[in-house]
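Colleague: Provided below are the primary sequence and the corresponding predicted coordinates.
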Amino acid sequence: MVTLGPNRYGKAEVRVVRVTRDAEHQLRDWNVSVALSGDLEAVHLVGDNAHVLPTDTQKNTVYAFTQRLGDVEPEVLALELAAHFVRDPIARARVTVDQFGWTRLGGHSFARASAEVRTCRVVNDAGAGASVVGGVRDLMVLNTTDSEFWGFARDEYTTLGETHDRILASSVNALWRFRSDANDWVAAFGVARQALLDAFVGTYSYSLQQTLYEMGSAVLAAVPAICEVRLVLPNKHHFLVDLAPFGMANENEVYYAADRPFGQIEGNVLADNAPDPGLAWDC
């Protein structure tokens, strides 16, 4: 006996760019993904498509809402789309919007800022309502000192040496869960991002786990509208290059930047009065 478990479907990575032609043009560069769930048992079990809104229709809806809403924050687009899709037989919609950053060069000229991505996700459930998660992805940070790693557990396979001075680097992936009354998305993103950076700079680190906790705590302290921070910090290892074969010393100056394998540090930091997440982290 087998049964159908949780399922969803949708249109992934709809790339859309909107230009608002004011005196200085405004640019929004988005990657939008939609996932729907609800009464979809028949399509899985017998191939009945009556309850299936085509993913091509979902793509067209993204385009239409982008035009109708104008120059809005990505959270606004996600909230409007998710609310639109929740109607019988769809009980839950998850909309993710990644916003790529561009730096203004002139009135109508831009340059791609970096690999950093502002992201948000809205889950709208017919019974539980809407939950909003914002965040940033691929925010590269590096400290050249003020980082140690020693006193760790050892077993028969441990070869790593202890260090009292190392480079600490990561590509920060942070998501933050908003309280239900949040609405100032621009201010929240800017303050939360700066809090992450300030904590990374200001923490004398004995482990990346410690740094993660300090970064999450800093966001919660800086933005009361945020009640939980979920961080994924890959440890971008930098290893000292052995220059002895060339008769040269290396006093913590020349490093090999390894791209893989890498340590992956993950954790959530919650405010004392954080409400239950409900469906906010629906994946």
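Modeller: Perfect, thanks for sending it.

Colleague: buried set for stretch 234-252?
Modeller: Of all the residues in stretch 234-252, those buried under the rule 16 or more other C-beta atoms under 10 Å are 234, 235, 236, 237, 238. Heads up, the C-betas are built off the backbone N, CA and C, glycines and all.

Colleague: correct me if wrong: residue 150 contacts residue 162.
Modeller: Yes. Using C-beta atoms under 8 Å, residue 150 is in contact with residue 162, at 3.6 Å.

Colleague: mind pulling up the pLDDT for the residue at the greatest distance from the centre of the chain?
Modeller: The outermost residue of the chain relative to its centre, with distances by C-alpha atoms, centre = their mean, is residue 247 at 45.4 Å. As predicted, residue 247 sits at a pLDDT of 97.

Colleague: and what of the one 3 residues further on?
Modeller: Predicted confidence (pLDDT) at residue 250: the value is 96.

Colleague: pLDDT score assigned to the closest residue to it other than its chain neighbours?
Modeller: Leaving out its chain neighbours, the residue that sits closest to residue 250 by C-beta to C-beta, 6 or more residues apart in numbering is residue 243, at 4.6 Å. Here, the pLDDT recorded for residue 243 equals 96.

Colleague: okay but residue 243 is in contact with residue 249, surely?
Modeller: Yes. Under the criterion of C-beta under 8 Å, residue 243 is in contact with residue 249, at a separation of 6.9 Å.

Colleague: quick check, residue 97 in a helix?
Modeller: No. Counting by DSSP: H, G, I helix; E, B strand; the rest coil, residue 97 falls outside a helix, being strand.

Colleague: for this protein, what spans make up the helices?
Modeller: 41-45, 55-69, 74-85, 185-202, 208-222 (DSSP state H).

Colleague: want to throw the ones you listed into CSV with mean pLDDT and mean neighbour count?
Modeller: Compiled in CSV, these are given as follows (pLDDT from 0 to 100; neighbours: other C-beta atoms under 10 Å):
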stretch, mean pLDDT, mean neighbour count
helix 41-45, 97, 13
helix 55-69, 98, 15
helix 74-85, 98, 22
helix 185-202, 98, 17
helix 208-222, 98, 20
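
Colleague: okay if I get those as a markdown table plus distance to residue 23?
Modeller: As requested, those are exported to a markdown table (distance: least, C-beta to C-beta, whole Å):
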| stretch | distance to residue 23 |
| --- | --- |
| helix 41-45 | 49 |
| helix 55-69 | 20 |
| helix 74-85 | 23 |
| helix 185-202 | 20 |
| helix 208-222 | 33 |
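
Colleague: among those, which is nearest residue 34?
Modeller: helix 55-69 (4.8 Å; C-beta to C-beta).

Colleague: give me the contact list for the closest one.
Modeller: 9-11, 14, 16, 18, 28, 30, 32, 34, 36, 76-77, 80-81, 84-85 (C-beta atoms under 8 Å, 6 or more residues apart in numbering).

Colleague: good, wrapping up.
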